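A predicted structure for the sequence below; I have some questions about it.
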Amino acid sequence: MSSWHDDESLLPLSGIQHFAYCSRQWALIYVERQWQDNLRTVEGTLLHERVHSVLSTEARGDILVVRSLPLVSYDLGLYGIADVVEFQLASESEGGIALPGRKGRWLPIPVEYKRGQPKPDDRDEVQVCAQCICLEEMFGITIPHGILFYGRTRRRVIVPMEHQLRQRVRELAIQMHRVYELGITPSAPSDTNCEFCSMIDVCLPTITRRRSSVTEYLRKSLSSSLGDGETV
C-alpha cells in the first residue's frame, strides 16, 4: 500500500483512538457505520462541544489559541479537526513558523480534550501524536510534544513525540487503511475490556470469540452422535 494518500482515501483521525483500543470497535463504527452511545461517550461529546466551534483564535499573552483547526496528513491518510492548537512563541532553537501580523516564530502544539482521566493504554497518546504529525506535515516543522487535557482531573499531560510513539501511529494508520479496504470486521480480541464499551450490544464479543470453539464443539458432538467407528 502506498504511504501517500489522496483526498478520496483519507480516514477520520479521531478513529485512531478506537483502533488502538479495539480494531473490531473501529470497524463497527467506520466500516459498518454502526454506533451506540453510553454515559461515557455522551459526556465526551458534551466536552468536545464545549471546545469545538467554528474556527476561532484568541490571544493569551505569548500564546495564540486556535480552536477547531482542520488537520490532514496525506502520509498517514488521516484528516480531522483539532480541539485546540496553541501557537506558542518559539525560541530560535525550536524553529516554528511565521504568523501573519505577528512578530517572531510560533510553534503549534495540539491540545486534545478527554472527558475522564489518563488511560492504562496508549489510545489517547496516539491520537494527539497523529495530530502532531498532521501539523508537522502541514507546516513543515518538527513538534516536540502534544498535550492531553483530562476533564475529570482538570490536569494537562505532556506527551513527548518520541520515535516509538510516532512509529506506533504509523503502524496503526496502515492497519486502519488495510481493514477499511478489505471491508472485513475483525473478531473481538480477548484482551479488551468490553464492559464499558458503548458498542457491546452491537459487537457481541462473547459470540465472536467463541466462533472457533463452537465449531469445534459441533464437530465433536456430531462425531459422537455418529458413533466411535464413524468420522465426519
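Perfect, thanks for sending it.

tell me where this protein has strands.
Taking DSSP state E to define them, one finds strands in the chain at 11-12, 56-60, 63-73, 78-89, 106-114, 145-150, 155-160.

just send these back as JSON lines, with mean neighbour count and distance to residue 127 too.
For glycine as for every other residue, the C-beta is placed from the backbone atoms N, C-alpha and C. As requested, those are exported to JSON lines (neighbours: other CB atoms under 10 Å; distance: least, CB to CB, whole Å):
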{"stretch": "strand 11-12", "mean neighbour count": "18", "distance to residue 127": "11"}
{"stretch": "strand 56-60", "mean neighbour count": "10", "distance to residue 127": "22"}
{"stretch": "strand 63-73", "mean neighbour count": "17", "distance to residue 127": "11"}
{"stretch": "strand 78-89", "mean neighbour count": "20", "distance to residue 127": "9"}
{"stretch": "strand 106-114", "mean neighbour count": "22", "distance to residue 127": "6"}
{"stretch": "strand 145-150", "mean neighbour count": "20", "distance to residue 127": "9"}
{"stretch": "strand 155-160", "mean neighbour count": "14", "distance to residue 127": "10"}
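
among those, which gets the worst mean confidence?
Mean pLDDT across the strands of the chain is lowest at strand 56-60; the value there is a mean of 87.

helices and strands of the protein: which one bottoms out on pLDDT?
Least confident helix or strand, the chain: helix 39-51 with a mean of 46, by mean pLDDT, DSSP states H and E.

residues in contact with the residue lying closest to residue 78 once chain neighbours are set aside?
Excluding the flanking residues, the one nearest residue 78 by CB to CB, 6 or more residues apart in numbering is residue 13, at 4.2 Å. Neighbouring residues of residue 13 by CB atoms under 8 Å, 6 or more residues apart in numbering: 71, 73, 76, 78-80, 127, 130-131, 134.

what's the spacing between residue 13 and residue 188?
Distance, residue 13 to residue 188, using CB to CB, to the nearest Å: 24 Å.

same thing with residue 80?
Per CB to CB, residue 80 is found 26 Å from residue 188.

try residue 61
Taken as CB to CB, the span from residue 61 to residue 188 is 48 Å.

ok, what's across the strand from the nearest residue to residue 64 once chain neighbours are set aside?
Nearest residue to residue 64 in three dimensions, chain neighbours excluded: residue 87, at 4.1 Å (CB to CB, 6+ apart). With DSSP bridges as the criterion, residue 87 is bridged to residue 64, residue 108.

so residue 87 makes contact with residue 107?
Yes. Shown here, residue 87 and residue 107 form a contact pair, counting by CB atoms under 8 Å, at 6.9 Å.

if we can go back for a sec, reformat the contacts of residue 13 as CSV; add distance to residue 143.
CSV is the format used below for the contacts of residue 13 (distance: CB to CB, whole Å):
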residue, distance to residue 143
71, 12
73, 12
76, 14
78, 16
79, 18
80, 16
127, 14
130, 12
131, 9
134, 10
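
for residue 60, see how far away residue 196 is.
Counting by CB to CB, the gap from residue 196 to residue 60 is 36 Å.

how about stretch 127-139: buried residues?
By 16 or more other CB atoms under 10 Å, the buried positions in stretch 127-139 come out as 127-136, 138.
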